[in-house]
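> model this:
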Amino acid sequence: MKRTWGGRLLSIGIAFGLAATHTRATSLELSKVTAIRNLVSALSIAGSPQQTKSAAEAQATPTTGAQAKPATGAQTKPPAKAPTNPPVSAQARAQENLCLANAKQITTAMMQYVKANKGVTPKEADYMNALTPYNKKPEIFQCPLDPKGTVSYTMNSAVAGTAINTVLLPSSTVLIYEGTGGKLNFKHNGRAVVGFVDGRCSLVDASRASTLIWTVQAPKPVTPINKRPVGK
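Got it, this is the predicted structure:
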């Protein structure tokens, strides 16, 4: 009798043990299946074209009434303006001033020559020798940027050998210029030295060069010719 109940108890214990083991195994499998299912579902949602499009639209569409605000403490700066001309170094500025000083000495000597020669300017080819009595420094004819021995300034052929009082607009008419053949050499930061008939000298850029006068008589504006009425 004792063996019978002991056998039954043993059987019952084994049965409960197997059931518990089966339950734990089943719970573990269910947990794994649930985790896998959730992962597949998440991947399906992420890869869905409709969901992707909706997410992209949500990012592209701004929130109504919302405005982007700068971060706290951030300071906005206006956009920097590009310089119209490159900066001029101290050496380049000194060279410009020396070139202007050369032109000024040439025009001053030219005015002295004109005064001593009945108001007539020297001829173009001989103007350097003609000015020697009034300035005995040959270096004034050379720009500091040019090689040694270079003649940097040319006399305007239109006013050479001409009575200076016949120049209509002396303040705008070129007397000497930095260059050759009637063309300016813009070597000083895009500018060239020009001496005028009235004795002034200045640095001229390409824009102002278009307003210079190279003839004794200033060009006159062209006026249209009025046609007479038919029959008169």
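
> please make it C-alpha for all contacts and neighbour counts, starting now.
Fine.

> is it true that Gly179 touches Met155?
No. In terms of Cα atoms under 8 Å, Gly179 does not count as a neighbour of Met155; the distance is 9.5 Å.

> neighbour count: those two, which is higher?
Set Gly179 next to Met155 and count neighbours by other Cα atoms under 10 Å: Met155 wins out with 24 against 19.

> ramachandran coordinates for the more buried one?
phi -90, psi 140 (degrees, to the nearest 10).

> what is the neighbour count of the closest residue to it other than its chain neighbours?
Using Cα to Cα, 6 or more residues apart in numbering and skipping residues adjacent in sequence, the residue nearest Met155 is Ile176, 4.3 Å away. A count of nearby residues for Ile176, using other Cα under 10 Å, gives 26.

> can you give the domain ranges for the protein?
Following automatic domain parsing, one finds the domains of the chain at 7-44, 91-209.

> the strands in the protein, which residues?
Listed in chain order, the strands found in the chain under DSSP state E are 153-155, 174-180, 183-184, 191-196, 201-205.

> looking at those strands, which is nearest to Asn129?
Closest of the strands of the chain to Asn129 is strand 153-155, at 12.6 Å (criterion: Cα to Cα).

> tell me the helices and strands packed up against that closest one.
Judged by 3 or more Cα pairs under 8 Å, 6 or more residues apart in numbering; DSSP states H and E, strand 153-155 is in contact with strand 174-180.

> show me what the strand it packs on is in contact with.
Residues outside strand 174-180 that contact it (Cα atoms under 8 Å, 6 or more residues apart in numbering): 103, 107, 152-156, 159, 184-185, 192-197, 212-214.

> shaky segments in this protein?
Counting by pLDDT under 70, the low-confidence segments of the chain come to 1-86, 218-232.

> show me where it has its helices.
Along the chain, the segments classed as helices by DSSP state H run 2-47, 49-60, 90-116, 127-130, 206-209.

> from Phe196, how far out is Ser172?
Spatial separation of Ser172 from Phe196 under the definition Cα to Cα, to the nearest Å is 7 Å.

> looking at those two, which has the bigger crowd around it?
Taking neighbours as other Cα under 10 Å, Ser172 and Phe196 compare with Phe196 leading, 23 against 18.

> for Lys183, give the beta-bridge partners.
Thr180 (DSSP bridges).

> tell me who's in contact with the residue nearest to Ala163 when sequence neighbours are not counted.
For Ala163, the nearest residue in space outside its immediate sequence neighbours is Val120; the separation is 4.2 Å by Cα to Cα, 6+ apart. Counting by Cα under 8 Å, 6+ apart, Val120 makes contact with Val114, Gly161, Thr162, Ala163, Ile164.
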